[in-house]
Every structure is written in structure tokens, then in C-alpha cells.
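> make a model of this:
(chains A and B)
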Amino acid sequence: LAKTTQPISMDSYEGQEVNITCSHNNIATNDYITWYQQFPSQGPRFIIQGYKTKVTNEVASLFIPADRKSSTLSLPRVSLSDTAVYYCLVGDMYRNAGNMLTFGGGTRLMVKP
Amino acid sequence: DGGITQSPKYLFRKEGQNVTLSCEQNLNHDAMYWYRQDPGQGLRLIYYSQIVNDFQKGDIAEGYSVSREKKESFPLTVTSAQKNPTAFYLCASSTRHEQFFGPGTRLTVL
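Numbers count the residues shown, from 1 in each chain, chains lettered A, B, ... in the order given. Coordinates of the predicted model:
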């Protein structure tokens, strides 16, 4: 399983862009990169997923360099409600096996007024 | 409304008692999972099931048991053998691309 490393915590202010980087040096050819968001006492929810280059949806962008050994989640113009824990996961989605997705400690993002 | 339901939301147990946490999904997903989350920590996989009548141990299966008799249901039993069961328990089901989580059950051992 590809191990991921991400910062334990980050602080930001409302209206700023936040970039959270995740390292996954031993990512495998079939692995996808997925980011989840978790609020206290709730289950994580899917934010974005990608394989290479750049993916953008209505809430975030995901940048993946050519070597795929890292990825960066970009949250544009954050608000107080973006305060949460963000998890980076790497795994082979097509195997659909539970142990393909390992949640690490995540990055605690604190957005201040 | 499609989704995953977990019950109860809060559960209190006396030491030495077994307790069962419910997880139901109406998303027609084959795969289902149970995770445990301790305060300030990430999620750890307890058990997962890719199909009815089959399930596999995750990283921390000791002291837990599951069953998968129906596609929609994946109950988790926390047995007395689990030495430190107080935690937040999350159930999930998945497509090939995404896991969907329930609201969680907070278990407290008194």
C-alpha cells in the first residue's frame, strides 16, 4: 500500500487559497489519489479524485505532477466552514477492496476570520 | 433518499458486555466497511466485505465481529474481548471510485 505523508495542521484566513500537499513516493501504476474532508463527529466525504495532471470540480482542484509522487489539494477562497480535517488517500480503486484505502492522520485546516 | 444509516448515534456499554452497531445502505453497493476513529486520530479499518456472505479482517479486527447476510446490512459486534472499545465507529460502502460514509456511532464504555 502506498503510504502518504501530509502536514499535521495548517492555518489560513478567510478568502485565501489553501494548498495542502501530500507525498506518496511509492505510488503504484494503478493507484488513484483521492481526497476526503471530515468535520467533527461526522463521516468523511469525498472531495476530489485524480490520476495525473490536474482535476477541477466545483469545490477544489487537484494537481498531480508527472512523477505522481506527490499531489496538492487546492481550496480556493476558503471560508470558516472549510475548517476540517483533510485526508489524502492513495489506492487502486478498481480492486474495490477495503484495505486499498488507508486513512492516515490527515491535515487539520483551521480557517480564521 | 439514498445513503447509509447507522444506529444508534450514541451507545453506552458496561464493561464485559457485547454490543452490536447497525449499518444499512440503500445504494446497492457490494462493498461495505467498518472503521474506528479515536479522538484526534485518523480512521482505522476493522472489517470489510466485498460481497454478501464474505468479509475480511482489516488492521484492527481483534475483539470485533461482523456478518454480511444481506447486501444492505453490515452489522458490527463489539465483544468483551475488545479491551478499549470507546471510540467513534464509521460504516461505509463504496463504488469502484468512492467511499460513502454513514453518520457514525459514538460508543462509550462505562
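> any regions of chain B where pLDDT drops low?
B:1-2 (pLDDT under 70).
> just chain A next, same as before
A:1-2, A:93-102.
> and the strands in it?
Assigned by DSSP state E, the strands in chain A fall at A:9-13, A:18-23, A:32-38, A:45-50, A:53-56, A:61-64, A:70-75, A:84-91, A:107-112.
> what packs against the fifth one?
For strand A:53-56, the helices and strands in contact under the criterion 3 or more Cβ pairs under 8 Å, 6 or more residues apart in numbering or on different chains; DSSP states H and E are strand A:61-64. C-betas here are computed from N, CA, C, even on glycine.
> could you list every helix and strand that the strand it packs on packs against?
In terms of contacts (3+ Cβ pairs under 8 Å, 6+ apart), strand A:61-64 is packed against strand A:32-38, strand A:45-50, strand A:53-56, strand A:70-75.
> output those strands as CSV; include the columns mean neighbour count.
Below are those laid out as CSV (neighbours: other Cβ atoms under 10 Å in any protein chain shown):
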stretch, mean neighbour count
strand A:32-38, 23
strand A:45-50, 17
strand A:53-56, 13
strand A:70-75, 21
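> skipping its backbone neighbours, what lies nearest A:K52 in space?
Spatial nearest neighbour of A:K52, chain neighbours left out: A:I64 (5.2 Å); criterion: Cβ to Cβ, 6 or more residues apart in numbering or on different chains.
> distance of that neighbour from A:K112?
A:I64 sits 29 Å away from A:K112, going by Cβ to Cβ, to the nearest Å.
> which one's more surrounded, the two?
Comparing A:I64 with A:K112 by neighbour count (other Cβ atoms under 10 Å in any protein chain shown), the higher total belongs to A:I64, at 21 against 11.
> how far away is the more buried one from B:V19?
43 Å.
> again with A:R108
30 Å.
> likewise for A:F63?
Distance of A:F63 to B:V19, computed by Cβ to Cβ: 44 Å.
> B:N84 now?
To B:V19, B:N84 is 14 Å away according to Cβ to Cβ.
> which one of these two has more residues nearby?
Higher neighbour count among B:N84 and B:V19: B:V19, with 19 against 8, using other Cβ under 10 Å.
> my read: that one touches B:P8, true?
No: counting by Cβ atoms under 8 Å, B:V19 stays clear of B:P8, with 9.9 Å between them.
> spatially nearest residue to B:S94, not counting backbone neighbours?
B:A31 (4.7 Å).
> so what's the spatially most central residue of chain B up against?
Nearest to the geometric centre of chain B sits B:W34, at 3.3 Å (Cα atoms, centre = their mean). The contact partners of B:W34, taken as Cβ atoms under 8 Å, 6 or more residues apart in numbering or on different chains, are B:23, B:45-48, B:58, B:64, B:66, B:74, B:76, B:89-92.
> same check on B:L43?
Applying Cβ under 8 Å, 6+ apart, we find B:L43 in contact with A:44, A:87, A:103, B:35-37, B:90.
> quick check: beta-bridge partners of it?
Beta-bridge partners for B:L43, by DSSP bridges, are B:Q37.
> which residues of chain B lie near chain A?
B:4, B:30-31, B:33, B:35, B:41-45, B:47-50, B:56, B:58-59, B:88, B:90, B:92, B:94-104, B:106 (Cβ under 8 Å from any Cβ of the partner chain).
> shouldn't A:T83 be in contact with A:T107?
No: contact criterion Cβ under 8 Å: A:T83 and A:T107 do not qualify, at 11.7 Å.
> so for the two, which residue has more residues nearby?
A:T107 (21 against 16).
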